[in-house]
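Peer 1: got a structure for you, letters missing:
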């Protein structure tokens, strides 16, 4: 996804509802924090405030920067007058975000959070109430927005401390990897990635790239399996995941060339590469499948490969990627069809130019 569409974002629109209905009011010079910020027309509701947007997901970061908002990857200093949150869907991450927002607010500051009804809105309301000692709510657009002022006598200090650690990096998979809640398949090896990793040949060589590297499982599989690989570039939209991937691959630092690249892959990649691997995401906001994200990965891979270079990808069986693959690659071969997933190898034409698929 190159950028989030600004035409409709029900959760963002509902998040701003307390301001629009004057259920809460902010002073024109109020300092406002927005965790997991997204760009959209609804942000006009806080256009007069001093807004700091925190966003570690590259497509949303890019959209916010394009709209000229101040965007940072990590939560900044404290003493904000208000904090808005669009929590992640993973419960531990969501609670950690509420705790982070609460910790950054001054006494009397307002914490506002919103989630779609189908993605844990009731749980969010309960969590906010448990943490701050109460909550108010509005429901619209199949979403629920909840808010409460910070009162030091009402805040559950023990819960605040406990929740602030819930999404911290930790060892997983018997200590083999470091990961954290909120990252895709954070405490397990995704079966699609496992299938692709098992089928990658040990004859891979040269410089490769992993598009959508996650916490580094596939890239590490390549480096452990193929001794002739000189190095890997790790592309990942979520900076939290990219930081983990670099930690999980640090054993190869100094032995193989390695770079982490925090970006939206669908906007293009570097190169040229001898081979590229990928388990592309197929949904980003909400639960609906998005074939266009994977199609963007495929086109980026074709553009980033040298002529004759190979692209290995895994995807859910039903996703319609073959048409795009045939358009931009000289040959396309399905290597496996197992457990609802398909593994595909595609080869770039010998006479193809680097920008032919863009």
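Peer 2: Yep, that arrived. Please read all numbers here as calculations on a predicted model, not as lab measurements.
Peer 1: hey, let's count contacts and neighbours off CA atoms from now on
Peer 2: Noted.
Peer 1: Just to be sure, residue 334 is in a strand?
Peer 2: Yes. Per DSSP: H, G, I helix; E, B strand; the rest coil, residue 334 lies within a strand segment.
Peer 1: Bridged to the nearest residue to it once chain neighbours are set aside, which residues?
Peer 2: Closest residue in space to residue 334, ignoring its immediate chain neighbours: residue 344 at 4.4 Å, by CA to CA, 6 or more residues apart in numbering. For residue 344, the beta-bridge partners are residue 313, residue 334 (DSSP bridges).
Peer 1: cool, residue 35 as well?
Peer 2: residue 54, residue 85.
Peer 1: can I assume residue 210 sits in a helix?
Peer 2: No. According to three-state DSSP, residue 210 belongs to no helix; its state is strand.
Peer 1: residues near the residue nearest to residue 334, how many?
Peer 2: Neighbour count of residue 344, defined by other CA atoms under 10 Å: 21.
Peer 1: residue contacts, it?
Peer 2: Going by CA atoms under 8 Å, 6 or more residues apart in numbering, residue 344 touches 311, 312, 313, 314, 332, 333, 334, 335, 336.
Peer 1: and of the residues you listed, the nearest to residue 90?
Peer 2: Checking these against residue 90 with CA to CA, the nearest one is residue 314 at 23.9 Å.
Peer 1: ok, the residue nearest to the closest one when sequence neighbours are not counted to residue 92 distance?
Peer 2: Distances taken as CA to CA, 6+ apart place residue 343 nearest to residue 314, at 4.4 Å, with adjacent residues excluded. Distance, residue 343 to residue 92, using CA to CA, to the nearest Å: 32 Å.
Peer 1: between those two, which one's more packed in?
Peer 2: Shown here are residue 343 and residue 92; by other CA under 10 Å, residue 343 has more neighbours (24 against 18).
Peer 1: Surely the residue nearest to residue 314 touches residue 197?
Peer 2: No. Using CA atoms under 8 Å, residue 343 makes no contact with residue 197, being 9.9 Å away.
Peer 1: Residue 32: what secondary structure?
Peer 2: With three-state DSSP as the basis, residue 32 sits in strand.
Peer 1: List the contacts of it.
Peer 2: Residue 32 sits in contact with 49, 50, 51, 52, 80, 81, 82, 83, 84, where contact means CA under 8 Å, 6+ apart.
Peer 1: For the fifth one, give me its contacts.
Peer 2: Residues near residue 80 by CA under 8 Å, 6+ apart: 30, 31, 32, 33, 104, 105, 106, 109.
Peer 1: for it, which residues make a bridge with it?
Peer 2: Beta-bridge pairing for residue 80 (DSSP bridges): residue 105.
Peer 1: Check which helix or strand residue 93 maps to.
Peer 2: Assessed by DSSP states H and E, residue 93 sits inside helix 91-103.
Peer 1: Need the contact partners of that helix.
Peer 2: 33, 35, 75, 78, 83-85, 87-88, 111, 124, 127-128, 131, 150, 160-161, 163-167, 181-182.
Peer 1: Make sure residue 307 is indeed in a strand.
Peer 2: Yes. Per three-state DSSP, residue 307 lies within a strand segment.
Peer 1: which one is it nearest to, not counting chain neighbours?
Peer 2: Leaving aside its chain neighbours, residue 307 sits nearest to residue 350 (4.5 Å; criterion: CA to CA, 6+ apart).
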